[in-house]
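Chemist: with the input below, show me the fold.
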Amino acid sequence: MSCRPRRLRRTAGLRRMVREHHLTTNDLIYPVFVMAGQGQKEAISSMPGCYRYSLDLLLEEVTAAYDLGIPGIALFPLISPDLKDNAGTESYNLQGLVPQAVRAIKQAIPNLLVFTDVALDPYSSAGHDGIVENGEILNDETVAVLVQQALCHAEAGADFVSPSDMMDGRIGAIRRALDAEGWINVGILAYSAKYASAYYGPFRDALDSAPQFGDKKTYQMDPANAQEALKEVALDITEGADIVMVKPALAYMDIIQRIKQHTTLPVAAYNVSGEYAMVKAAAQQGWIDEQTVVMETLTGLKRAGADVILTYFAKDVATWLRR
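Modeler: Purely as a prediction, here's the structure:
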């Protein structure tokens, strides 16, 4: 027998030498949750190990992530119910929670990349990503608010704005507005292929942002569709996206691979809250080895074509990679 593939698997050193894909700390963005107050750290019951932080404690958390070599964080706010309305007006308050957090983070850790979420659901009294009228999610009216939100975040010091709403035309509108206001170096990480997924439940618990009626299927993508993802990505690239993203990640590795084959832009994947919660729950039962499963999962995302991975496991992964 002349061909014996096992020769290249014989030792750990040999396996490392011929390994095709490598996960590094540089691949990671760490999603974090911020809330109003002082000295507050609230556990998220459906996401063991994740917390909502008041700004003072958030600074400690993101500093720890930066010290581990994680290059960027994605910021998500818990907004008080009394600040929510149908038009999401709090989303572009220059003195609001997100601008305050961005300014504080950039002052404390200038080199940490800050990605801000641009969408109305955390600010919406209806829990939807857009303005609601007679049960319909309005597209163009919502885009006008998203533009104001993106400009607010850029002025606060965000490195990237990350529209996650899936409204048509929002990438182009935001890019034109940023450029017109002189924010030419603020990037756009576009949630280009964001599916109407059941994997988002724990995230909505974290931000108290579940829709108050219906679902998000009229604007987020049908999980059965793959070709449509290529169309959405192509539109976002044409409109000025700098990074395109697939969300969720684990059940959509085929989408990640297809998109990677059709663009030269960096491709991001969001290892979402439901994916995180399932691993945590199984690990707590002793059914799986958490570290091994997490590393296998994220390496699989790299293999599929992800250049950047948003994951709640980021700090753990950065620690494991140092060993």
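
Chemist: can you pull out the helices in the chain?
Modeler: For the chain, the helices defined by DSSP state H occupy 12-17, 55-67, 97-108, 140-156, 170-180, 201-207, 227-239, 253-262, 273-284, 290-304, 314-322.

Chemist: redo those as CSV? Include mean neighbour count and mean pLDDT.
Modeler: In this view, the C-beta of every residue, glycine as well, is placed from N, C-alpha and C. Formatted as CSV, these follow (neighbours: other Cβ atoms under 10 Å; pLDDT from 0 to 100):
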stretch, mean neighbour count, mean pLDDT
helix 12-17, 9, 93
helix 55-67, 17, 98
helix 97-108, 20, 98
helix 140-156, 21, 98
helix 170-180, 20, 98
helix 201-207, 19, 84
helix 227-239, 17, 98
helix 253-262, 19, 98
helix 273-284, 18, 96
helix 290-304, 18, 98
helix 314-322, 18, 97
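
Chemist: relative to Y219, which of the ones you listed is closest?
Modeler: helix 140-156 (9.1 Å; Cβ to Cβ).

Chemist: quick one: that closest one to helix 97-108, angle?
Modeler: Angle of helix 140-156 versus helix 97-108, following axes from the mean of the first three to the mean of the last three Cα atoms, to 10 degrees, is 30 degrees.

Chemist: which residues are in contact with helix 140-156?
Modeler: 87-89, 91-94, 96, 98-100, 102-103, 106, 116, 118-120, 129-131, 161, 163, 165, 167-170, 173-174, 177-178, 181, 183, 186 (Cβ atoms under 8 Å, 6 or more residues apart in numbering).

Chemist: pretty sure P266 contacts I309?
Modeler: No - P266 lies out of contact with I309 (Cβ atoms under 8 Å); the separation is 11.2 Å.

Chemist: tell me which of the two has more neighbours.
Modeler: Taking neighbours as other Cβ atoms under 10 Å, P266 and I309 compare with I309 leading, 21 against 15.

Chemist: so what's the more buried one up against?
Modeler: Contacts of I309 (Cβ under 8 Å, 6+ apart): D27, L28, I29, A249, A268, A269, Y270, N271, L298, L301, K302.

Chemist: hang on, isn't the third one packed against L310?
Modeler: Yes - the pair I29 and L310 passes the contact test of Cβ under 8 Å, sitting 4.6 Å apart.

Chemist: please identify every residue contacting each of those two.
Modeler: What both I29 and L310 touch, as defined by Cβ under 8 Å, 6+ apart, is the set A74, A268.
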